[in-house]
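Trainee: Generate coordinates for the sequence data below:
(one chain, ligands or ions: 2)
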Amino acid sequence: MSQGPHRIAIAGASGRMGRMLIEAVLAAEDCVLAGALDIAGSPALGQDATAFLGQTSGVTITADLDAALAGADALIDFTRPAGTLAHLAACRRQGTALVIGTTGFDEAGKAAIAAAAEDIAIVMAPNMSVGVNVVLKLLQQAARALSQGYDIEIVEAHHRHKVDAPSGTALKMGEVIAEALGRDLKTCAVYGREGVTGERDPSTLGFATVRGGDVVGDHTVMFLGTGERIEISHKSSSRATYAQGSLRAVRFLAGRRAGLFDMDAVLGLG
Ligand SMILES: NC(=O)C1=CN([C@@H]2O[C@H](COP(=O)(O)OP(=O)(O)OC[C@H]3O[C@@H](n4cnc5c(N)ncnc54)[C@H](OP(=O)(O)O)[C@@H]3O)[C@@H](O)[C@H]2O)C=CC1
Ligand SMILES: O=C(O)C1=N[C@H](C(=O)O)C[C@H](O)C1
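Mentor: Ligands and ions are numbered 1, 2, ... in the order given. Take a look at the predicted model:
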């Protein structure tokens with residue numbers, strides 16, 4: 001493990017993941033909460049970052065990016081694409097490492113992140129949990145072994161507040177499977193079906209999305225053959241696993257000057 005203390009700023013400090021990350025930083029012996037950001041106009045601005053825990057940390061939630069980053073080695077960002085891209089520019093200016101958990105980027109957003117990684121060290125992953133990243137490896141293997149005669153469908157379910165679909169994790173699963181099969185996800189993905197669709201084209205990869213309640217995050221990939229069906233599932237029951245993965249990413253980035261990394265690199269999954 002890299003030497004601490006890691007001075008960490010949290011973006012989206014009053015969000016579901018922001019709060020989970022603040023709790024994780026406070027609980028980690030080698031981490032210190034160094035800054036807390038939220039969007040301009042947020043009712044959380046001016047509050048102590050740990051007020052939701054009934055504590056006082058001395059770190060005030062601000063919308064001033066440079067002030068929040070001033071004492072930080074790394075920023076952990078689980079917000080929205082527009083927010084992350086603004087934070088990315090500030091991190092690049094200040095030479096601050098960045099862990100990006102936000103999902104829903106378009107191609108231009110991804111290109112901006114790759115360009116910034118020439119100057120600063122970034123870990124970006126749509127899912128920071130160890131379990132999902134291991135599942136991605138299983139999917140690679142399953143897709144290769146079941147490349148003929150099996151239809152592949154990805155089903156995901158999330159809480160009613162989630163704004164992007166399919167989830168970043170489902171899309172990553174699709175990318176991994178498509179690559180293992182030598183296909184291009186851009187041309188083989190089918191996002192939902194309605195009406196008279198015709199018979200299933202075997203070269204497609206289907207996605208289905210469920211939204212509701214407080215589901216933390218469920219993903220199932222089905223390999224549907226004749227006479228059998230294989231299902232590989234991951235179900236999150238707590239956001240703590242995403243927060244712990246993010247802290248592992250911060251430790252991984254310590255001492256790295258630049259580069260874009262994923263959780264494979266952080267977890268040593270090769
Ligand atoms: N990689 C992973 O492991 C995981 C990724 N995620 C992803 O993280 C992101 C956040 O999820 P979650 O915490 O549930 O979402 P929340 O809506 O609970 O939190 C988002 C936070 O970001 C703030 N915010 C919104 N827009 C902006 C902006 N333009 N600039 C700066 N801050 C902004 C929100 O402020 P306000 O509420 O005032 O709008 C809020 O504080 C999503 O993209 C989600 O898919 C989630 C879990 C795990
Ligand atoms: O918004 C969420 O909650 C989650 N988002 C990520 C995604 O889009 O894959 C990761 C996890 O599933 C929770």
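
Trainee: nearest residue to the most centrally placed residue in the chain other than its sequence neighbours?
Mentor: Geometric centre of the chain, nearest residue: Pro126, 2.7 Å, by Cα atoms, centre = their mean. Closest residue to Pro126 apart from its sequence neighbours, by Cβ to Cβ, 6 or more residues apart in numbering: Gly168 at 2.8 Å. Glycine gets a C-beta too; all of them are placed from N, C-alpha and C.

Trainee: my guess is the one you found contacts Ile100, does it?
Mentor: No. Gly168 is beyond contact range of Ile100, at 10.3 Å (criterion: Cβ atoms under 8 Å).

Trainee: Quickly find the element holding the nearest residue to Leu185 once chain neighbours are set aside.
Mentor: Distance criterion Cβ to Cβ, 6+ apart; nearest residue to Leu185, sequence neighbours excluded, is Ala178 at 4.1 Å. Here Ala178, judged by DSSP states H and E, is contained in helix 168-181.

Trainee: quick one: the helices in the stretch 101-250 of the chain?
Mentor: 107-116, 130-145, 168-181, 185-188, 240-253 (DSSP state H, counting those that start in this stretch).

Trainee: model confidence over stretch 94-105, on average?
Mentor: The pLDDT scores in stretch 94-105 average 98.

Trainee: what about the residue nearest to Ser129 when sequence neighbours are not counted, how many residues close to it?
Mentor: Nearest non-adjacent residue to Ser129, counting by Cβ to Cβ, 6+ apart: Thr241, 4.2 Å away. Thr241 has 19 neighbours, counted by other Cβ atoms under 10 Å.

Trainee: Next, the contact list for Thr241, please.
Mentor: Met128, Ser129, Val130, Gly131 (Cβ atoms under 8 Å, 6 or more residues apart in numbering).

Trainee: Also Gly109?
Mentor: Pro81, Thr84, Leu85.

Trainee: closest to Gly12 among those?
Mentor: Taking Cβ to Cβ as the measure, Gly12 lies nearest Thr84 of those, at 9.1 Å.

Trainee: hang on, the earlier thing: turn the contacts of Thr241 into CSV, columns for distance to ligand 1 and pLDDT.
Mentor: What follows is the contacts of Thr241, written out as CSV (distance: Cβ to the nearest ligand atom, whole Å; pLDDT from 0 to 100):
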residue, distance to ligand 1, pLDDT
Met128, 4, 98
Ser129, 6, 98
Val130, 11, 98
Gly131, 11, 98
